[in-house]
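Student: My questions are about this predicted structure, shown below with the sequence.
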Amino acid sequence: MRLGGGIEREYKDPDEWLRLVRELGYSAVLSPVDSSADSGTIREYLACAKANDLVIGEVGVWRNCLSKDDAERREAMEYAKAQLALAEEMGACCCVNISGSRGEIWDGFDRENYLPEVYEMVVDSVREIIDAVHPKNTFYTIEPMPWMVPDSPEQYLRLIEDVDRKAFGVHLDFVNMINCPERYVNSTEFIRRCFELLGPYIKSIHGKDVLMETAYTTLIHEVMPGTGTLDYTEILPMVEKLDSDMPFFVEHLPDFCTYRQAADYIRKCAGKAGVAVR
């Protein structure tokens with residue numbers, strides 16, 4: 001597998017970016033630019049990645065394509081199309097977004113997120129984004145979330161069937177789907193089910209950890225790998241079985257040093273499990 005993650009330090013050119021990537025020991029990277037970059041800059045970063053055997057694992061969107069604000073939704077859709085086109089140009093493993101929310105918080109919970117007509121909006125928005133670009137070198141993917149489509153591997157499979165586009169793949173964030181005590185206490189079994197059901201479609205993976213409070217009512221925290229309850233010596237062989245070049249990203253950490261700590265922890269677990277990390 002290939003390990004990557006955030007950087008949380010500024011860089012002004014490919015050389016500075018590469019120094020930071022090497023210091024963290026990454027072999028998979030998030031796109032260092034977005035679709036607003038000029039073509040020359042995009043080519044420079046792409047050439048740097050190729051020359052140094054770095055896989056561009058993700059081009060992120062992170063906009064609300066289900067917003068009730070028509071202007072915000074149109075802007076999000078156009079940005080998603082532009083980011084997917086960038087992913088296609090860079091040969092990234094995937095372009096990733098969440099499905100979106102009908103609430104005031106773009107990535108938050110809302111009752112309307114579960115309505116059948118909103119599910120149809122998700123299907124239509126994914127189709128529109130893919131059909132605008134017709135990617136051949138990348139995939140558009142949706143990151144699962146605890147409170148919107150898809151929030152289970154079974155629902156992700158249904159979404160794949162309903163979208164019905166070859167360029168629609170899976171971004172696997174199993175932590176985001178550990179949204180109840182049953183999945184928490186049986187986390188390894190749940191994660192194994194995610195890999196079994198979604199394996200052929202997975203293009204990129206996020207690695208985090210979870211910790212549930214023993215107080216009323218249910219409260220499950222996302223935490224840094226190694227500070228929760230997930231057994232990565234069991235999880236990482238599942239990643240390696242998919243593809244030796246599968247990008248696995250640590251995320252949502254505050255600074256460069258914690259990213260390095262999290263990456264080191266994943267490497268340590270991989271060593272114990274006999275999994276090669278490139």
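Tutor: That came through, no problem.

Student: show me where the stretch 101-250 of the chain has helices.
Tutor: Here the stretch 101-250 of the chain has its helices, by DSSP state H, counting those that start in this stretch, at 116-133, 153-163, 181-185, 187-198, 232-242.

Student: right, so those: which one is the most enclosed?
Tutor: Stretch with highest mean neighbour count among these: helix 232-242 (a mean of 19; mean count of other C-beta atoms under 10 Å). C-beta: built from backbone N, CA, C; applies to glycine.

Student: who are the neighbours of it, in terms of helices and strands?
Tutor: Counting contacts by 3 or more C-beta pairs under 8 Å, 6 or more residues apart in numbering; DSSP states H and E, helix 232-242 packs against helix 187-198, strand 202-207, helix 256-273.

Student: Report the angle between the shortest one and helix 187-198.
Tutor: What it means is strand 202-207. Orientation of strand 202-207 against helix 187-198 (axes from the mean of the first three to the mean of the last three C-alpha atoms, to 10 degrees) gives an angle of 160 degrees.

Student: Could you do the longest one as well?
Tutor: Using the same axes, to 10 degrees, the direction of helix 256-273 lies 80 degrees away from that of helix 187-198.

Student: quick one: which of the helices and strands packed on helix 232-242 is nearest Ser36?
Tutor: Relative to Ser36, the nearest member of these by C-beta to C-beta is strand 202-207, separated by 22.1 Å.

Student: how many other residues sit next to Ala76?
Tutor: For Ala76, the neighbour count with other C-beta atoms under 10 Å is 23.

Student: about what we covered before: let's have the helices and strands packed on helix 232-242 in CSV, adding mean pLDDT.
Tutor: Shown next, in CSV, are the helices and strands packed on helix 232-242 (pLDDT from 0 to 100):
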stretch, mean pLDDT
helix 187-198, 98
strand 202-207, 98
helix 256-273, 98
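
Student: These into TSV, with extra columns for distance to Glu89?
Tutor: Below are the helices and strands packed on helix 232-242 laid out as TSV (distance: least, C-beta to C-beta, whole Å):
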stretch	distance to Glu89
helix 187-198	26
strand 202-207	17
helix 256-273	26
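
Student: Relative to Ala87, which of these is closest?
Tutor: Ala87 lies closest to strand 202-207 among the helices and strands packed on helix 232-242, at 10.2 Å (C-beta to C-beta).

Student: I figured Asp110 was touching Gly100, is that so?
Tutor: No. If you go by C-beta atoms under 8 Å, Asp110 and Gly100 don't touch, sitting 10.2 Å apart.

Student: The two: who's more crowded?
Tutor: Each of Asp110 and Gly100 has its neighbours counted (other C-beta under 10 Å); Gly100 has more, 27 against 17.

Student: how about the closest residue to that one other than its chain neighbours, phi and psi?
Tutor: Spatial nearest neighbour of Gly100, excluding adjacent residues (C-beta to C-beta, 6 or more residues apart in numbering): Leu66 at 3.2 Å. Dihedral pair for Leu66: phi -120, psi 10, per degrees, to the nearest 10.

Student: So Leu66 is in contact with Tyr119, correct?
Tutor: No. Counting by C-beta under 8 Å, Leu66 stays clear of Tyr119, with 10.4 Å between them.

Student: so His252, which of the three states?
Tutor: Look at His252: counting by DSSP: H, G, I helix; E, B strand; the rest coil, its state is coil.

Student: What is the neighbour count of it?
Tutor: Neighbour count of His252, defined by other C-beta under 10 Å: 14.

Student: That one: what's it in contact with?
Tutor: Neighbour list for His252: Lys208, Glu222 [criterion: C-beta atoms under 8 Å, 6 or more residues apart in numbering].

Student: can you tell me which of the helices and strands packed on helix 232-242 comes nearest to Asn176?
Tutor: The nearest among the helices and strands packed on helix 232-242, by C-beta to C-beta, is strand 202-207 at 7.8 Å.
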